[in-house]
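In: just a sequence and a predicted model for now, questions to come.
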Amino acid sequence: MRVSAIVVINDGPSPTGALDGASQQKREPSRGSITCSDILGQSVLDRTLVRLRTAGIRTVSVIGPPNLSSLPSNRETEFIPAGNSFARWPAAQRKMREHGGQGIETVLMIGLGAYMELDVAEAVKFHRAKGKPLTQLEDSNGALDFWVVDSKWFNTAANGCTLPFRYGEFPGLPVPCRMKGYVNWLAEARDLRRLVLDAFLCRCELKPKGREVRPGVWAAEGARIHKLSRLVAPVYLGSNTRVGPSAVITRFSNLERNSQVGAGTVVESTSVLPHTVLGRGLDVSHAVVDGNKFLDVKRNVALVIDDPKLIRDTAPRSWRASISRANELSNHASEAFEFEYSQYLSRAAGRLSGVLFKG
Amino acid sequence: MSNCRTVVVKKLPESVSINEAHQLFRELAPLLSGDRPCLVFDFSDVRQLDSAGIEVLLRCMEEAMKRNGDVKLAAVTPQAAVILQLTRVDRLFEIFENPSDAVESFHRFPVQAFRQAPASTAGFASEGSDAI
């Protein structure tokens, strides 16, 4: 019996979601769903696709934003771009009919927002044992956006229904299926931090993508760590990350690919998302930093910081324009202030350097 | 994983302050002069720690890092924990509940030690249990 999967990327609440309104006002493009962003070296999307392939599912369609930062890298995975979530579910509906037309009998419909470690084979087995056309997986916190669907039923009896499926739309459906695996809903920054912690502490199957260069310190290819920096386990350094002199990366922090930490900066229990630059002499703890967005998890405060000397985004071309605009603006500011500020940062870095490496 | 040849556990005295610091560093210097020195400070007796003691810790860390080794702390008493946090030196060291976990950490990452650490150890290894 053939089984396929359709993965719809939910843009729903992301760790930096609280700042979306602010970023729109500033006309900065969104960095997209957290499920497409690296967490310990690999996105939730990629990890989900690997899990599906491991379960023996060969036909997988991914419906998501056109600017996916980590495109699925498998020829058996079809990627269908759809601008917003309103367009994605109708696209999923069309794709479901297509899968049915190819003779696939069971389709896994996944609205990807949470990180889920579910036993797919067990879910399909449960679905078949119940003999009902629609099953919805759930964990201890409630129903997940994960359905097992009979494509024949979908193309006949359920023809015209709108996705995602809702309770009450069809009598007695969907059949709930309680799963045991690890689930992190990734609804807010705190959840992202919890996922990183759980991974470091082996509470889930998520493993850092890279080499364990010394106990509790993982580094991906191209990570460059200054000789005078200090890493305190457990930490993760993604590919092409840079850690400056006298910087301290300590306990349960993860620097994702292409991120940089300036001289003398201390990063503690913080997630630095891809392409983020932290300036010099900063003290960043219990936070999630994504480009110029800063979320203090302990204070539950979200900020957009437009000073590129503090934090900034390095990479995507579309972002460069906004950064250069910010630079232009800051150039108009008082030159005296600029000078004083850079002096202050140098002094801060120097002080830490002095404390760490005195003599 | 780690190329540390042997891990030395050094039990610190009840007081690590200006009077003992100089002597302590002189005792430790030979341990830190080899290749890849691996040192664990057992804090179980420490009741008094001052800036001179902190400086000894930092100097030991610096010397160990120069030679690709490391210094870790174990069994930190609440009195010492307060000073380590006050001076923000706690974030520079891996800190374990007991010396055996610290020794083990030179060879593999001790997940269980981080998981089980009680919050009473002043938020060092207890990061894993409550701090996000």
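Out: Great, that's in hand.

In: nearest to chain A: which residue in chain B?
Out: Closest residue of chain B to chain A, Cβ to the nearest Cβ: B:F109 (3.6 Å). In this view, the C-beta of every residue, glycine as well, is placed from N, C-alpha and C.

In: list the contacts for that residue?
Out: B:F109 is in contact with A:E212, A:P215, A:G216, A:A233, A:P234, counting by Cβ atoms under 8 Å, 6 or more residues apart in numbering or on different chains.

In: excluding chain neighbours, what is closest to the closest residue to chain B within chain A?
Out: Residue nearest to chain B within chain A: A:G216 (3.6 Å; Cβ to the nearest Cβ). Once flanking residues are discounted, A:G216 sits nearest to A:A233: 2.7 Å by Cβ to Cβ, 6 or more residues apart in numbering or on different chains.

In: which pLDDT value goes with the one you found?
Out: What the model reports for A:A233 is a pLDDT of 93.

In: so what's it up against?
Out: Contact analysis of A:A233 by Cβ under 8 Å, 6+ apart lists A:R214, A:P215, A:G216, A:V217, A:R251, B:E94, B:S105, B:F109.

In: what do you get if the cut-off is 6 Å, keeping everything else the same?
Out: For A:A233, the contact set (Cβ atoms under 6 Å, 6 or more residues apart in numbering or on different chains) comprises A:G216, A:V217, B:E94.

In: from those residues, which ones fall inside strands?
Out: A:V217 (DSSP state E).

In: which of the contacts of A:A233 tops the neighbour count?
Out: B:E94 (28 neighbours; other Cβ atoms under 10 Å in any protein chain shown).

In: apart from its chain neighbours, what residue comes closest to that residue?
Out: Nearest one to B:E94, counting by Cβ to Cβ, 6+ apart, is B:K72 at 4.7 Å.

In: and the helix or strand harbouring that neighbour, what other elements does it pack with?
Out: Per DSSP states H and E: B:K72 is located in strand B:70-74. Judged by 3 or more Cβ pairs under 6 Å, 6 or more residues apart in numbering or on different chains; DSSP states H and E, strand B:70-74 is in contact with strand B:38-42, helix B:51-66, helix B:99-104.

In: buried set for the next helix or strand after that strand?
Out: Remark: after strand B:70-74, the chain's next helix or strand is helix B:78-86, criterion DSSP H and E. Within helix B:78-86, the residues that count as buried by 16 or more other Cβ atoms under 10 Å in any protein chain shown are B:A80, B:A81, B:I83, B:L84.

In: and the third one, what is it in contact with?
Out: In this structure, B:I83 makes contact with B:L49, judged by Cβ under 6 Å, 6+ apart.

In: buried stuff in stretch A:173-182?
Out: For stretch A:173-182, using 16+ other Cβ under 10 Å, the buried residues are A:L173, A:P174, A:C177, A:M179, A:G181, A:Y182.

In: wait, the residue nearest to B:E94 touches B:A102, no?
Out: Yes - with contacts counted by Cβ atoms under 6 Å, B:K72 reaches B:A102, the gap being 4.6 Å.

In: look at the two and report which has more neighbours.
Out: Ranked by neighbour count (other Cβ under 10 Å), B:K72 and B:A102 place B:A102 first, with 28 against 24.

In: from B:L49, how far off is the more buried one?
Out: Per Cβ to Cβ, to the nearest Å, B:A102 is found 18 Å from B:L49.

In: show me what counts as buried in the host helix or strand of A:L52.
Out: Using DSSP H and E, A:L52 maps to helix A:44-54. By neighbour count on 16+ other Cβ under 10 Å, the buried set for helix A:44-54 is A:V44, A:L45, A:D46, A:R47, A:T48, A:L49, A:R51, A:L52.

In: next helix or strand past it?
Out: Counting by DSSP H and E, the element after helix A:44-54 in chain order, helix or strand, is strand A:59-64.

In: counting contacts, what elements does that next one pack onto?
Out: By 3+ Cβ pairs under 6 Å, 6+ apart, strand A:59-64 packs against strand A:3-9, strand A:77-81, helix A:85-101.

In: show me what it is in contact with.
Out: A:4-9, A:52, A:72, A:77-80, A:82, A:88, A:91-92, A:95.

In: give me the number of residues near B:R108?
Out: 13.

In: how much space separates it from A:L231?
Out: Counting by Cβ to Cβ - B:R108 and A:L231 are separated by 16 Å.

In: ok so, going back, any idea what the residue nearest to B:E94 is bridged to?
Out: Beta-bridge partners recorded for B:K72 (DSSP bridges): B:V40.

In: which ones are touching it?
Out: B:V40, B:E94, B:A102 are the contacts of B:K72 under Cβ under 6 Å, 6+ apart.

In: tell me if I'm right that the last one and B:F96 touch.
Out: Spelled out, it's B:A102. Yes - applying Cβ under 6 Å, one finds B:A102 in contact with B:F96, separated by 4.1 Å.

In: what is in contact with those two at once?
Out: Counting by Cβ under 6 Å, 6+ apart, the residues touching both B:A102 and B:F96 are B:A74.

In: let's have the buried residues of helix A:44-54 in JSON lines, adding pLDDT and distance to chain B.
Out: Below are the buried residues of helix A:44-54 laid out as JSON lines (pLDDT from 0 to 100; distance: Cβ to the nearest Cβ, whole Å):
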{"residue": "A:V44", "pLDDT": "93", "distance to chain B": "18"}
{"residue": "A:L45", "pLDDT": "92", "distance to chain B": "23"}
{"residue": "A:D46", "pLDDT": "91", "distance to chain B": "24"}
{"residue": "A:R47", "pLDDT": "93", "distance to chain B": "20"}
{"residue": "A:T48", "pLDDT": "93", "distance to chain B": "23"}
{"residue": "A:L49", "pLDDT": "92", "distance to chain B": "27"}
{"residue": "A:R51", "pLDDT": "92", "distance to chain B": "22"}
{"residue": "A:L52", "pLDDT": "93", "distance to chain B": "28"}
